[in-house]
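Student: No letters, just coordinates:
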Ligand SMILES: Nc1ncnc2c1ncn2[C@@H]1O[C@H](COP(=O)(O)OP(=O)(O)O)[C@@H](O)[C@H]1O
Ligand SMILES: [Mg+2]
């Protein structure tokens, strides 16, 4: 199997010196090329910290991360001593529950300008890509609206589109369906699936939405008490076949 993300002995913390608090140590896992892995686990377990550490946005205390390992564009490694290079950073897309859209730009410009600035794409091509994405996500009618007019769910979807506009080789998503109704969550799901199948992009995503996890994930990772366990494919996880502790967590989430 080809590898899309490989993390070894990863440790991350907050604070320094005597105030340093460890979030996790010795996390090791692999995700297949072109696969979608979902990290689940209790609130405060360190899911967001893990995502940011993998993205090169939170310092690593130890360990190594290799992104897009077997991708045709080549692997990207970072370690505590050697952060992500700017040209590699462009290949790593990231979207958050609360997207930091540029508030002085309209919706289309939020998708168009990063393509111009970061990839040097010709204006026309960038605009065509932006409009195709807006159409696919069912938000064309807001193309010219200021992003400040968007609801939380719409802004979230535009945030996902902005990362897709740059055609990343690795995509990291933190709770990006938290404000979506089931219909829009389904749209997000279809768009991601389609993108991954076309490009061999590898996705690491965090979600509390167990329905979303079941439909979209190839692999479920469970983070709790500073430890990460690979639960395998969601169907077996949800049936409690692989790991009773993960199954119990999923049941609790579904009941909540
Ligand atoms: N900026 C911060 N400074 C100090 N501690 C933090 C900070 N952000 C998160 N933490 C702590 O790190 C741990 C993991 O947080 P987080 O990664 O946000 O968990 P999750 O995403 O699973 O809810 C928690 O104990 C949280 O309180
Ligand atoms: Mg979080």
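Tutor: Yep, it's here. For clarity, every value in this text was computed on a predicted model and none was experimentally measured. Ligands and ions are numbered 1, 2, ... in the order given.
Student: List the contacts of residue 167.
Tutor: With contact set as Cβ atoms under 8 Å, 6 or more residues apart in numbering, residue 167 has these partners: residue 199. C-beta: built from backbone N, CA, C; applies to glycine.
Student: Is it part of a helix or strand, or is it coil?
Tutor: coil (DSSP: H, G, I helix; E, B strand; the rest coil).
Student: separation between it and ligand 2?
Tutor: 26 Å (Cβ to the ion, to the nearest Å).
Student: same deal with residue 186?
Tutor: On the measure of Cβ to the ion, residue 186 and ligand 2 end up 23 Å apart.
Student: Find the nearest non-adjacent residue to residue 3, please.
Tutor: Of all residues not flanking residue 3 in the chain, residue 69 sits nearest, at 4.1 Å (Cβ to Cβ, 6 or more residues apart in numbering).
Student: In this protein, which residue sits closest to ligand 2?
Tutor: residue 48 (3.2 Å; Cβ to the ion).
Student: Shouldn't that residue be within a helix?
Tutor: Yes - assessed with three-state DSSP, residue 48 lies in a helix.
Student: List the contacts of it.
Tutor: By Cβ under 8 Å, 6+ apart, the residues touching residue 48 are 174, 206.
Student: Could you do residue 64 as well?
Tutor: 7-10, 77-79.
Student: Narrow the residues you listed to those in strands?
Tutor: Within the contacts of residue 64, residues falling in strands by DSSP state E are 7-10, 77-78.
Student: Near ligand 1, which residues of the stretch 1-150 of the chain are found?
Tutor: Selection of the stretch 1-150 of the chain residues close to ligand 1 by Cβ under 6 Å from any ligand atom yields 14, 23, 41, 43-49.
Student: The same query, at a cut-off of 5 Å, please.
Tutor: 14, 23, 43-49 (Cβ under 5 Å from any ligand atom).
Student: Among the residues you listed, which pair sits farthest apart?
Tutor: The most widely separated members of those are 14 and 43, with 16.0 Å between them, by Cβ to Cβ.
Student: Who has more neighbours out of the two?
Tutor: The neighbour count for residue 14 versus residue 43, taken as other Cβ atoms under 10 Å, is higher for residue 14 (12 against 7).
Student: How much space separates the more buried one from residue 118?
Tutor: The span separating residue 14 from residue 118 equals 29 Å under the rule Cβ to Cβ, to the nearest Å.
Student: can you check residue 1 too?
Tutor: Counting by Cβ to Cβ, the gap from residue 1 to residue 118 is 31 Å.
Student: Same question for residue 103.
Tutor: Counting by Cβ to Cβ, the gap from residue 103 to residue 118 is 19 Å.
Student: Show me which of these two is the more surrounded one.
Tutor: The neighbour comparison of residue 103 against residue 118 (other Cβ under 10 Å) goes to residue 118, with 14 against 9.
Student: Could you verify my assumption that the more buried one touches residue 89?
Tutor: No - counting by Cβ atoms under 8 Å, residue 118 does not reach residue 89; the two are 9.0 Å apart.
Student: And stretch 59-73, end to end?
Tutor: End-to-end span of stretch 59-73 (Cα to Cα, to the nearest Å): 25 Å.
Student: From the chain's centroid, how far away is it?
Tutor: In this view, stretch 59-73 has its centroid 15 Å away from the chain centroid, taken as Cα atoms, centre = their mean, to the nearest Å.
Student: going forward, begin numbering at 4 instead of 1
Tutor: Let's use 4 as the start, then, which means that last one is stretch 62-76.
Student: buried residues in that stretch?
Tutor: Neighbour counts over stretch 62-76 (16 or more other Cβ atoms under 10 Å) mark 63-64, 66-74 as buried.
Student: mind listing which of the residues you listed are in strands?
Tutor: Those of the buried residues of stretch 62-76 mapping onto strands are 66-70, per DSSP E.
Student: Pull the most distant pair out of those residues.
Tutor: Taking Cβ to Cβ as the measure, these span a maximum distance of 13.5 Å, between 66 and 70.
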